[in-house]
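**Q** model the structure of this input:
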Amino acid sequence: MNDTFLKACRGEKVDHTPVWIMRQAGRYLKEYQEVRAKIDFLTLCKTPELAAKVTLQPVDILGVDAAILFSDILIPVEAMGMHLEFSDKKGPVLGEPVRTKAGVDRLIIPDTEDSMPFVLEAIRILRKKLEQKVPLIGFSGAPYTLATYIIEGGSSKNFMNTKRMMYQNPGLFQGLMEKITATVIDYLSAQIKAGAQAVQIFDSWGGNLSPYDYENIIFPHVKKAIKALKKFDVPVIFFVNDCAGLLDIIKKAGADVVGIDWRVDMYKAVKTLGKKVAVQGNLDPCALFGPKEQIEERVQDILNRADTAKGHIFNLGHGILPETPVESAIALVEAVHRLSRA
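**A** As a prediction, this is how the structure comes out:
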């Protein structure tokens, strides 16, 4: 098996920089679109054989160094007791937003084995199919990001309801965060036990908070989750989107790898984070719309800037966009492999 990704997570010597792409199993691939045309998104997530199939597609098509389980960060939120559906226009829509004590009390801390067995079965299928290929990454949304969906009832531009609860009713907000954190710990622990060889925690909306609020209100829950996962001998990746103002805090999370979005100079990020963690990132997803020569220039620049890190996994600074040419994604992977070997 190509274990370059796992070695880089641990800061071990590698013969090339490993690369995978956030949202690499998805809409930019016609092979994915063919599967998706026959089934709705949520059913695809809950059908282990099909979830495994689309997880494998970018491994075979792009030649990436790791697979990431095809699922959605809101799967455990649904298991907590919220109605979940996906709209082509609005994205995720959750039933009655939770903004009262009664609403928080109704939420449960689900047992992953009982309530989300399809996720674990997909992992077991994938481990068999990936045995001679690459490692498998499991994932979850971070407690704060999941809280925003629960409180807002979907996506949000300003997260007003979330922040209003955080400021006006801090006890209620902390009670909700504790339930979500316990859910995340059980969910990722179960994924690891089922065979995930690394896990990533996505704090997609963490960057909308001030450093003070993130450190004092949110970060203790992140640290608790990561600490609980450290009993397993697998790398933990922590990614906060729009992380520039939070790196001094993030480096104290206890993660093995810190994901860096494209808004941060990688050299400065490495210098801030220090030598105790590896880094992941950080190409702007829109750079893949440029010509091949330009993509190679950006790749070389990031490789140079990450050179002093404990370890480096190349990735985009956020998810690949649906309109991205597949040829550009293939060119990216090839360039990372070739230029890092050189």
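**Q** name the SS class of Gly254, please.
**A** coil (DSSP: H, G, I helix; E, B strand; the rest coil).
**Q** that one contacts Lys227, doesn't it?
**A** Yes. The criterion here is Cβ atoms under 8 Å, and Gly254 meets it with Lys227 at 5.9 Å. To be clear about C-beta, it is placed using only N, CA and C from the backbone, and glycine gets the same treatment.
**Q** tally of neighbours for Leu172?
**A** 18 (other Cβ atoms under 10 Å).
**Q** residue contacts, it?
**A** Contact analysis of Leu172 by Cβ atoms under 8 Å, 6 or more residues apart in numbering lists Thr100, Lys101, Val104, Met165.
**Q** name the helix or strand for it, please.
**A** Applying DSSP states H and E as the criterion places Leu172 in helix 170-194.
**Q** tell me the buried residues in that helix?
**A** 172-173, 176-177, 179-192, 194 (16 or more other Cβ atoms under 10 Å).
**Q** name the next helix or strand downstream of it, please.
**A** Criterion used, DSSP H and E; the element after helix 170-194 is strand 198-203.
**Q** which phi and psi does the residue of the chain most remote from its centre have?
**A** What lies farthest from the middle of the chain is Ala102; by Cα atoms, centre = their mean that is 30.5 Å. Main-chain torsions, Ala102, degrees, to the nearest 10: phi -60, psi -40.
**Q** and it, how far from Glu96?
**A** 11 Å (Cβ to Cβ, to the nearest Å).
**Q** list the contacts for the residue positioned nearest the centre of the chain?
**A** In the chain, the residue lying closest to the centroid (Cα atoms, centre = their mean) is Phe202, at 4.0 Å. Residues in contact with Phe202, defined by Cβ under 8 Å, 6+ apart, are Ile73, Phe139, Ser140, Gly141, Ala142, Thr145, Phe239, Asn241.
**Q** re earlier: could you give the angle of the helix holding Leu172 to strand 198-203?
**A** Using axes from the mean of the first three to the mean of the last three Cα atoms, to 10 degrees, the inter-axis angle of helix 170-194 relative to strand 198-203 is 160 degrees.
**Q** surely Pro48 and Lys129 touch.
**A** No. If you go by Cβ under 8 Å, Pro48 and Lys129 don't touch, sitting 11.6 Å apart.
**Q** these two: which is more packed in?
**A** Pro48 (18 against 15).
**Q** contacting residues for the more buried one?
**A** Phe118, Glu121, Ala122, Ile125.
**Q** which one of the residues you listed has the most neighbours?
**A** Counting by other Cβ under 10 Å, top hit in these: Ala122 with 29 neighbours.
**Q** where does that one fall, secondary structure wise?
**A** helix 117-129.
**Q** what's the offset of the helix or strand that that helix is followed by from the middle of its chain?
**A** Where DSSP H and E defines the elements, the next helix or strand beyond helix 117-129 is strand 136-141. For strand 136-141, the gap between its own C-alpha mean and the chain's C-alpha mean amounts to 6 Å (Cα atoms, centre = their mean, to the nearest Å).
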